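Engineer: Build the 3D model from these lines:
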Amino acid sequence: MKLSTLALVLGVTFSGSAFATANVWDTTAPWAGSTLAQYAEWTDIESINDTTPEVLTNATAGLVLNNPAQSGGYSNGTNIYGLGIFPGAVGMQFTTTLAGGATGGFYDVYLRIGTLGSIANTSATLNGNAATAVVSTIGPITTVMGGASAEQELYWKWTDVAGANLYTFAFSASAPHLSLDQVALATVAKAATAVPEPETYGMMALGLGVISFMRRRQAKKQA
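Structural biologist: Sure thing, here's the model as predicted:
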């Protein structure tokens, strides 16, 4: 079979399988019940450099496949698939960004992806800081072309992140033949810790002083 024909067959097989589960999250969002400060979600990844997520709140966002030549990655208008059937092919590597956030306060920051085919790496970074994914596997893990394959949803959470105008995430596939179906980015503001007013400290000091005075007075009477 010619290489071009094999590429076409494999591309249809893998990306066609991905169509069946595209656009639908099978697990509950890790930030469920929280008020989101910023949010971006791609349900149709229309290109390998997609700056138009289907859902966008208080932000601008972008999703880029960094190594299309090395991974054989391409978009079919719905997902990004790493064909990678040529010698030396590697897994796809992605960068995604969330911009326009407030620079004050602290946040919990999330990256969430839905994949089919090869397994995604469980390590990802936010502004260079690594985290390990929580992985949900939907259905069995099988072997395709010598590698593990499954439908998965993963999320990473970074806690107590100082508010920034730009969040840059990096994640990747462990091998060729991953289909990236969905991506979501979210930030949740942390509740501010109450700081006592100066008057409060003054009242506390006065109270402690009175207690100390009363104890000394009582000790003198007993003596």
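
Engineer: doesn't Leu116 make contact with Ile179?
Structural biologist: You called it Ile, but residue 179 is Ser. Yes: Ser179 lies in contact with Leu116 (Cβ atoms under 8 Å); the separation is 4.4 Å. To be clear about C-beta, it is placed using only N, CA and C from the backbone, and glycine gets the same treatment.

Engineer: Look at those two and report which has more neighbours.
Structural biologist: Per other Cβ atoms under 10 Å, whichever of Ser179 and Leu116 has more neighbours is Ser179, with 29 against 25.

Engineer: Starting from the helix or strand hosting that one, tell me which strands it pairs with and how they run.
Structural biologist: Per DSSP states H and E, Ser179 falls inside strand 178-189. Here strand 178-189 is paired, per DSSP bridges, with strand 36-42 (antiparallel), strand 80-82 (antiparallel), strand 106-118 (antiparallel).

Engineer: want to throw those into JSON lines with mean pLDDT and distance to Ala189?
Structural biologist: Below are those laid out as JSON lines (pLDDT from 0 to 100; distance: least, Cβ to Cβ, whole Å):
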{"stretch": "strand 36-42", "mean pLDDT": "97", "distance to Ala189": "5"}
{"stretch": "strand 80-82", "mean pLDDT": "97", "distance to Ala189": "31"}
{"stretch": "strand 106-118", "mean pLDDT": "97", "distance to Ala189": "6"}
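
Engineer: export those to CSV and tack on distance to Gly73?
Structural biologist: CSV is the format used below for the strands paired with strand 178-189 (distance: least, Cβ to Cβ, whole Å):
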stretch, distance to Gly73
strand 36-42, 15
strand 80-82, 5
strand 106-118, 12
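
Engineer: Need the winner for burial among these.
Structural biologist: strand 80-82 (a mean of 28; mean count of other Cβ atoms under 10 Å).

Engineer: how long is stretch 141-149 from one end to the other?
Structural biologist: 6 Å (Cα to Cα, to the nearest Å).

Engineer: again with stretch 163-181
Structural biologist: Rule used - Cα to Cα; the end-to-end distance of stretch 163-181 is 28 Å.

Engineer: how about the strands paired with strand 178-189, which one is nearest Lys190?
Structural biologist: Closest to Lys190 of those, according to Cβ to Cβ: strand 106-118, at 4.4 Å.

Engineer: What are the buried residues along the following helix or strand past that closest one?
Structural biologist: Going down the chain from strand 106-118, the next helix or strand is strand 123-126, by DSSP H and E. Of all the residues in strand 123-126, those buried under the rule 16 or more other Cβ atoms under 10 Å are 124-126.

Engineer: Just name the closest of these to Gly73, please.
Structural biologist: Closest to Gly73, out of all of those and judged by Cβ to Cβ, is Ala124, at 17.4 Å.

Engineer: Can you tell me the closest non-neighbouring residue to the closest one?
Structural biologist: Leaving aside its sequence neighbours, Ala124 sits nearest to Phe171 (Cβ to Cβ, 6 or more residues apart in numbering; 4.0 Å).

Engineer: For the one you found, give me its contacts.
Structural biologist: Counting by Cβ atoms under 8 Å, 6 or more residues apart in numbering, Phe171 touches 93-94, 96, 111, 113, 120-121, 124-125, 156.

Engineer: same thing but 10 Å
Structural biologist: 92-96, 111, 113, 115, 120-125, 133, 154, 156, 180, 183 (Cβ atoms under 10 Å, 6 or more residues apart in numbering).

Engineer: Glu153 too?
Structural biologist: So Glu153 contacts 21, 25-30, 112-115, 120, 133-138, 181-182 (Cβ under 10 Å, 6+ apart).
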